[in-house]
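*Asks:* here's my sequence, what's the structure:
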Amino acid sequence: MTTMLRSPRPCVASGVRIRRMRGLGVIAALLVLVMLSTLAAAIVRLTWTQQTTLAQDIDSARAFQAAYAGTQWGMYQALRGSWTTCAGATQTLDLRSTMGVRVTVTCSSDSYNEGELADGSGNPQTVRLYTITATACNGAAASCPDNASVTRPNYVERVRVSKVSDR
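*Replies:* Model (predicted):
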């Protein structure tokens with residue numbers, strides 16, 4: 001006896017033909033692709049933000065160290081250098097070749113009478129108090145602070161103030 005192969009017939013229930021569902025896999029695949037592309041975009045954005053933050057942190061550290069160097073230089077100028085009275089002296093140090101910043105150092109001073117001289121003459125002892133302010137920034141202007149560059153996203157500015165006396 002020979003067996004005949006029959007083609008599969010669609011199921012019939014209550015006289016209504018039920019068709020096989022097709023196309024659901026394509027919709028699911030598109031949904032997965034959209035979700036993966038959204039995840040990839042979020043990862044790229046997060047990585048970009050992290051890199052930008054790291055660069056700003058490095059620039060900030062350089063500006064802080066430059067401001068520290070500026071206060072040290074200003075103290076030397078006030079105590080041993082040419083700024084003996086420090087009457088509003090200002091100078092800008094260009095550290096762009098080594099640190100990428102400029103430092104504007106200003107100095108002011110006040111004199112105070114403090115006690116008497118040790119020689120017993122009764123004359124007051126005069127003490128000069130210096131205030132050294134160093135402002136470091138990576139702006140394009142010739143001195144700091146650079147108000148025109150403040151709106152740039154990579155602008156960094158650090159200020160350091162030191163007080164020192166001549167006694």
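*Asks:* rest of the way, CA atoms for contacts and neighbours
*Replies:* Will do.
*Asks:* ignoring the adjacent residues along the chain, who's closest to the most centrally placed residue in the chain?
*Replies:* By Cα atoms, centre = their mean, the chain has its centre lying nearest to residue 56, at 3.0 Å. Closest residue in space to residue 56, ignoring its immediate chain neighbours: residue 154 at 6.4 Å, by Cα to Cα, 6 or more residues apart in numbering.
*Asks:* count the neighbours of that neighbour for me.
*Replies:* Applying other Cα atoms under 10 Å, we find 15 residues neighbouring residue 154.
*Asks:* quick one: it is in a helix?
*Replies:* No - counting by DSSP: H, G, I helix; E, B strand; the rest coil, residue 154 is located in no helix; its state is coil.
*Asks:* for residue 96, see how far away it is.
*Replies:* According to Cα to Cα, to the nearest Å, residue 154 stands 15 Å off from residue 96.
*Asks:* and the helices in this protein?
*Replies:* Under the criterion DSSP state H, the chain contains helices at 24-79.
*Asks:* okay, now the unreliable bits of it?
*Replies:* Residues of the chain meeting the criterion pLDDT under 70: 1-22.
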